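Chemist: Give me a 3D structure for the following:
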Amino acid sequence: MVAVLLLGTFDTKGNEYAFVRDLITEAGQEVVLVDAGVMGTPSLVSDVGPDAVAAAGGTSLEELRRAGDRGAALRTMAAGAAVIVRDLHARGRLSGVLALGGSGGSSIAAAVMRVLPVGLPKLLVSTMASGDVSSYVGQTDVTLMYSVVDVAGINSISRQILGNAAAAISAMAAAYTGRTSGGDGRALGGDERTLGGRTLRGGDKPLVAATMFGVTTPAVDAARARLEDHGYEVVVFHA
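Modeler: Prediction:
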């Protein structure tokens, strides 16, 4: 089964996750629920519970609760969830990840999303998305959606925001599954070419990174064209 993974704290946001889960399944996608909550009782049954997440992070849920250190708990659950999600991706089980959160939930979700490869859909609906989001995004393709209101109940505003999020991740997951082989993130098709005695297929071109700033665009474009003629793929990034 290839599925959209919903990652969150179901002790505080179970109803909101149930809402988006139902919309995603109605859109034809399978769903896997991973609960990274620590302190409360979850209101939504998960496929991977907080005990398993804590264990993957190197401790137990009971120890985290006894310690009462929120920061340490967030780091542990983020580390554990990253292990679990990385394993699911390695087994070809993921077509996308969606998370809903405030500051704590967003920090867990973003840490997990950053360990996944570019191209796998990652959508984070966050109360923090209107501020400095560099710590969440890093160098990855995390998509951020501002929640406008807090992720606290289904109301006339959150219904629209979360509905858009569910529709977005469903469409992205369908597109990702359609362009990948076996859910492993490798592009289908592509021509064959020979470089240095090697036969390269599809996305197997050797990569050259090029830094570019506005005034250097003509020079980089010329260099990129020559490199591509010689069988390289050039990835341009902004200086």
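Chemist: Could you use CA atoms for every contact and neighbour count after this?
Modeler: Will do.
Chemist: Correct me if wrong, but Val220 is in a strand.
Modeler: No. Under DSSP: H, G, I helix; E, B strand; the rest coil, Val220 sits outside any strand and is assigned helix.
Chemist: Any idea what the nearest residue to it once chain neighbours are set aside is bridged to?
Modeler: Once flanking residues are discounted, Val220 sits nearest to Met212: 6.7 Å by CA to CA, 6 or more residues apart in numbering. Beta-bridge pairing of Met212 under DSSP bridges involves His238.
Chemist: For Met212, which residues are in contact?
Modeler: Taking CA atoms under 8 Å, 6 or more residues apart in numbering, we find Met212 in contact with 220, 236-239.
Chemist: can you list these in a markdown table and add distance to Val38 and pLDDT?
Modeler: Supplementary listing: the contacts of Met212 in a markdown table, determined by distance: CA to CA, whole Å; pLDDT from 0 to 100:
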| residue | distance to Val38 | pLDDT |
| --- | --- | --- |
| Val220 | 50 | 95 |
| Val236 | 42 | 93 |
| Phe237 | 39 | 91 |
| His238 | 40 | 89 |
| Ala239 | 41 | 87 |
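Chemist: Out of these, the closest to Ser46 would be?
Modeler: The closest of the contacts of Met212 to Ser46 turns out to be Phe237 (CA to CA; 39.3 Å).
Chemist: and that closest one, what is it in contact with?
Modeler: The contact partners of Phe237, by CA under 8 Å, 6+ apart, come to 209-212.
Chemist: Can you say which of the contacts of Met212 are buried?
Modeler: Among the contacts of Met212, those classed as buried by neighbour count (16 or more other CA atoms under 10 Å) are Val220.
Chemist: and of the contacts of Met212, the nearest to Leu23?
Modeler: For the contacts of Met212, the nearest to Leu23 is Phe237 (36.1 Å; CA to CA).
Chemist: tell me the secondary structure for the closest residue to Val118 other than its chain neighbours?
Modeler: Ranked by CA to CA, 6+ apart and with sequence neighbours excluded, the top spatial neighbour of Val118 is Asp141, at 6.0 Å. For Asp141, the secondary structure call by three-state DSSP comes out as coil.
Chemist: same deal with Val4?
Modeler: Using three-state DSSP, the secondary structure recorded for Val4 is strand.
Chemist: buried sites along stretch 51-64?
Modeler: 51-57, 59-61, 64.
Chemist: helices or strands up against the longest strand along the chain?
Modeler: Counting residues, the longest strand found in the chain (DSSP state E) is strand 94-101. Using 3 or more CA pairs under 8 Å, 6 or more residues apart in numbering; DSSP states H and E as the contact criterion, the elements in contact with strand 94-101 are strand 3-8, helix 103-113, strand 122-126, helix 158-179.
Chemist: For Ile84, find the nearest of those.
Modeler: helix 103-113 (9.3 Å).
Chemist: Stretch 31-48 spans what distance, first to last residue?
Modeler: Taking CA to CA, to the nearest Å, stretch 31-48 runs 12 Å from one end to the other.
Chemist: hmm, back to that, need the contact partners of the longest strand of the chain.
Modeler: Residues outside strand 94-101 that contact it (CA under 8 Å, 6+ apart): 2-8, 17, 88, 106, 109, 113, 120-127, 151, 169, 172-174, 176-177, 183.
Chemist: now those residues: which count as buried?
Modeler: Neighbour counting over those (16+ other CA under 10 Å) leaves 2-8, 17, 106, 109, 113, 120-127, 151, 169, 172-174, 176-177, 183 as the buried ones.
Chemist: chain center to stretch 218-238, what's the gap?
Modeler: Taking CA atoms, centre = their mean, to the nearest Å, the mean C-alpha location of stretch 218-238 is offset from the chain mean by 29 Å.
Chemist: All good on my end, thank you.
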